[in-house]
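> Whatever this is, show me its structure:
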Amino acid sequence: MAVAVAVLLAALAGCAKAEDATPESTVFDYSGSTLNVVSRYHVPTDLVAADRQDVKVTRWFKADGIAEERTSWVLEGDTLALEASCSGLANCDARFRVEVPPHVAVLRDGRTTDLKGAGAG
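Model prediction:
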């Protein structure tokens, strides 16, 4: 039994890659002037100024193995909370891309941050 678990864990090591995941997106109506993006577990998150009037979030999430997946994106007030993680006999990887109108100031975990893309700066 211990050998089977060791073989399974070795097979899972480094398997899941966010770049191999099918992207999922959602759009939030947003009329505020400052958005605080909070990423639980520090999932890599690109913050991008885009020619839009809403906030678009795209998530890439991949889990391999026997995983209990936890993914969410919630906008409450001026805080966008992002989560993508897993537990169990699993390996998972995730990343987010958040597109915001160019006039919106963006915070990352409550701190001022720079944006990428058109209209940034």
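
> those helices in the chain, which residues are they?
Counting by DSSP state H, the chain has these helices, from start to end: 2-12.

> where does it have its least confident helix or strand?
In the chain, the helix or strand scored least confidently by mean pLDDT, DSSP states H and E is helix 2-12, which has a mean of 47.

> What mean pLDDT does stretch 39-59 get?
If you average the pLDDT over stretch 39-59, you get 93.

> end-to-end on it?
One end of stretch 39-59 sits 12 Å from the other (Cα to Cα, to the nearest Å).

> In that stretch, which residues are buried?
39, 43, 45, 47-50, 55-59 (16 or more other Cβ atoms under 10 Å). Where C-beta positions appear, they are placed from N, C-alpha and C, glycine not excepted.

> Now flag whichever of those residues is closest to Glu76.
Val55 (12.5 Å; Cβ to Cβ).

> Touching, the closest one and Thr26? I think so.
No: at 9.1 Å, Val55 does not count as touching Thr26 under the criterion of Cβ atoms under 8 Å.

> Show me where the chain has its strands.
For the chain, strands defined by DSSP state E occupy the ranges 24-29, 34-39, 45-49, 54-76, 79-100, 105-108, 111-112.

> Name every strand pairing with the last one and say which way it goes.
In this case it means strand 111-112. For strand 111-112, the paired strands and their directions (DSSP bridges) read strand 105-108 (antiparallel).

> Show me the contact partners of the partner strand.
33-37, 39, 45, 47, 98, 100, 112-113, 115 (Cβ atoms under 8 Å, 6 or more residues apart in numbering).

> Excluding chain neighbours, give the residue nearest to the most centrally placed residue in the chain in space.
In the chain, the residue lying closest to the centroid (Cα atoms, centre = their mean) is Phe96, at 3.1 Å. Spatial nearest neighbour of Phe96, excluding adjacent residues (Cβ to Cβ, 6 or more residues apart in numbering): Thr45 at 4.3 Å.

> how much space is there between the one you found and Cys15?
Distance of Thr45 to Cys15, given as Cβ to Cβ, to the nearest Å: 22 Å.

> likewise Val106?
For Val106, the distance to Cys15 - Cβ to Cβ - is 33 Å.

> ok, the two, which is more surrounded?
Val106 (20 against 15; other Cβ atoms under 10 Å).

> Right, I'll call it a day here.
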